[in-house]
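1. No sequence on hand, only this structure:
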């Protein structure tokens, strides 16, 4: 029989992995903002403004917000969901996040720092999928 503390440890570890994943996203975005700010990328030129306006429409920003929120929600959900829902939520949300992350690598020309962060994030997501997939079912006593 698997003790409740062993199950709780798996929940805590998954939650911690989601925190690590989200913090990596935040820092990658901060560095991206620093690049735009300090390299003189001029968003005010007509060409650049139109490109950004087309990419970052209100609908696209909502999609991005939902995708980011899924990762943040998993921090809490990993600790409070029951076994089956917890296991499947971690697997499904990590796969969704991994697919979005992989797709982001094909938008424009990703910089080395972005590829580095994406690699760390993808490794974390793959570990989450594996860790949740191998989560043994608790035995009812």
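-> Perfect, thanks for sending it. None of the values given here were measured: they were computed from a predicted structure.
2. Secondary structure element holding the residue lying closest to residue 102 once chain neighbours are set aside?
-> Among residues not flanking residue 102 along the chain, residue 122 sits closest, at 7.2 Å (CB to CB, 6 or more residues apart in numbering). Just so you know, the C-beta spots here come from the backbone N, C-alpha and C atoms, and that holds for glycine as well. In the assignment (DSSP states H and E), residue 122 maps to helix 112-133.
3. same question for that helix, mean pLDDT?
-> Taken as a whole, helix 112-133 carries a mean pLDDT of 96.
4. Which strands or helices does that helix pack on?
-> For helix 112-133, the packing partners by 3 or more CB pairs under 8 Å, 6 or more residues apart in numbering; DSSP states H and E come out as helix 4-38, helix 83-104.
5. Only the buried residues of it, if you could.
-> Under the neighbour-count criterion of 16 or more other CB atoms under 10 Å, helix 112-133 has 114, 117, 118, 121, 122, 124, 125, 127, 128, 129, 131, 132 buried.
6. Good, we can wrap up now.
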